[in-house]
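S.K.: No letters, just coordinates:
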């Protein structure tokens with residue numbers, strides 16, 4: 001972040017993972033008035049002032065800021081105040097160095113358990129009443145430094161993305177999508193399978209499918225599994241396969257729907273139909289043969305009857 005001559009005010013902000021070839025990896029500020037309040041500036045790199053380089057103008061700190069890591073403040077032109085913290089622990093003990101989707105409008109660096117930024121704001125917060133994601137402040141005894149307020153883990157909710165799916169009998173496979181919403185803390189997983197109770201026959205109409213879907217920490221991308229469909233030559237009506245999720249792990253919970261129905265529309269004419277129109281059979285004696293037309297055909301026959309549907 002660079003600033004020349006303008007006023008800079010950073011409140012409950014996190015600046016991490018940036019770099020500069022020369023000065024001010026996190027904040028480069030010249031001839032301006034800069035105010036830092038409850039800001040977390042750590043994990044940036046530069047030749048001078050890896051976290052903040054300030055020259056000229058005024059700098060107001062001493063408001064529960066956290067600078068640097070491993071005992072190095074990374075400050076040039078600014079002296080931390082009595083309420084500010086120069087972190088003595090490694091960067092990974094302060095925050096997650098990887099930007100991740102934590103269910104906010106943008107990705108963020110999440111604080112980690114035991115971070116010196118947690119519950120470190122002695123006064124002046126709230127406001128703001130929420131963090132970058134909209135999570136209420138404080139979650140602990142007092143507010144956390146930076147943009148992220150650490151609360152109970154939010155592993156998320158796992159659910160099938162629709163209650164119904166459909167694939168033609170000659171479609172090859174059905175793809176079923178599963179979503180993770182409401183949080184992305186930690187790795188999670190969920191089991192899936194083709195469950196009993198549908199009208200389709202396993203091994204004749206579809207292949208049994210079972211497995212586990214996994215998400216990494218911060219991962220909210222949809223996952224999917226496939227159900228192989230068997231295209232037989234038997235005339236039959238459309239059939240269904242039941243789908244189910246179970247055994248969520250990593251603290252995640254099952255959402256709604258956790259079950260769904262896959263429909264397999266038939267691509268063969270059912271027995272007893274002519275060009276898709278059911279034949280009405282009314283008997284007379286003798287053997288009768290029906291040659292189908294596009295309309296409904298009537299067979300009269302009280303004796304044995306054979307039908308030739310063409």
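M.R.: Sure thing, it's come through. From a predicted model like this one, the values you see are computed outputs, not experimental measurements. Residues are numbered from 1 along each chain as shown.
S.K.: Skipping its backbone neighbours, what lies nearest residue 10 in space?
M.R.: Once flanking residues are discounted, residue 10 sits nearest to residue 39: 4.6 Å by C-beta to C-beta, 6 or more residues apart in numbering. C-betas here are computed from N, CA, C, even on glycine.
S.K.: Residue 18 too?
M.R.: Nearest to residue 18 is residue 44, by C-beta to C-beta, 6+ apart, at 4.7 Å.
S.K.: any idea how far residue 180 is from that neighbour?
M.R.: From residue 44 across to residue 180, the span is 31 Å (C-beta to C-beta, to the nearest Å).
S.K.: Just give me the residue closest to the centre of the protein.
M.R.: In the chain, the centroid-proximal residue (C-alpha atoms, centre = their mean) is residue 220; its distance is 2.0 Å.
S.K.: Check the spacing between that residue and residue 145 real quick.
M.R.: Here residue 220 is placed at a distance of 26 Å from residue 145 (C-beta to C-beta).
S.K.: can I assume the residue nearest to residue 10 is in contact with residue 144?
M.R.: No: between residue 39 and residue 144 there is no contact under C-beta atoms under 8 Å: 11.7 Å.
S.K.: where's residue 227 relative to residue 221, distance?
M.R.: Applying C-beta to C-beta, the value for residue 227 to residue 221 is 21 Å.
S.K.: Between these two, tell me which one has more neighbours.
M.R.: Between residue 227 and residue 221, counted using other C-beta atoms under 10 Å, the more crowded position is residue 227 (22 against 10).
S.K.: list the contacts for the more buried one?
M.R.: Counting by C-beta atoms under 8 Å, 6 or more residues apart in numbering, residue 227 touches 167, 173-174, 176, 194, 206-207, 209, 241, 243, 262.
S.K.: change it to 6 Å
M.R.: Applying C-beta atoms under 6 Å, 6 or more residues apart in numbering, we find residue 227 in contact with 174, 194, 206, 209.
S.K.: which residue ranges form the strands in the stretch 1-150 of the chain?
M.R.: Along the stretch 1-150 of the chain, counting by DSSP state E, counting those that start in this stretch, strands occupy 2-4, 8-11, 14-15, 27-37, 40-41, 52-60, 66-67, 75-76, 85-86.
S.K.: looking at the ones you listed, which is buried most?
M.R.: strand 40-41 (a mean of 31; mean count of other C-beta atoms under 10 Å).
S.K.: now what about it, what contacts it?
M.R.: Taking C-beta under 6 Å, 6+ apart as the rule, strand 40-41 contacts 14-15, 26, 51, 66-67, 117, 145-146.
S.K.: just checking, residue 142 touches residue 117?
M.R.: No: Residue 142 sits out of contact with residue 117 when judged by C-beta atoms under 6 Å, with a separation of 11.2 Å.
S.K.: which one of those two has more residues nearby?
M.R.: Legend: neighbour count by other C-beta under 10 Å for residue 142 and residue 117, higher for residue 117 (26 against 18).
S.K.: Who does residue 100 form a beta bridge with?
M.R.: residue 108 (DSSP bridges).
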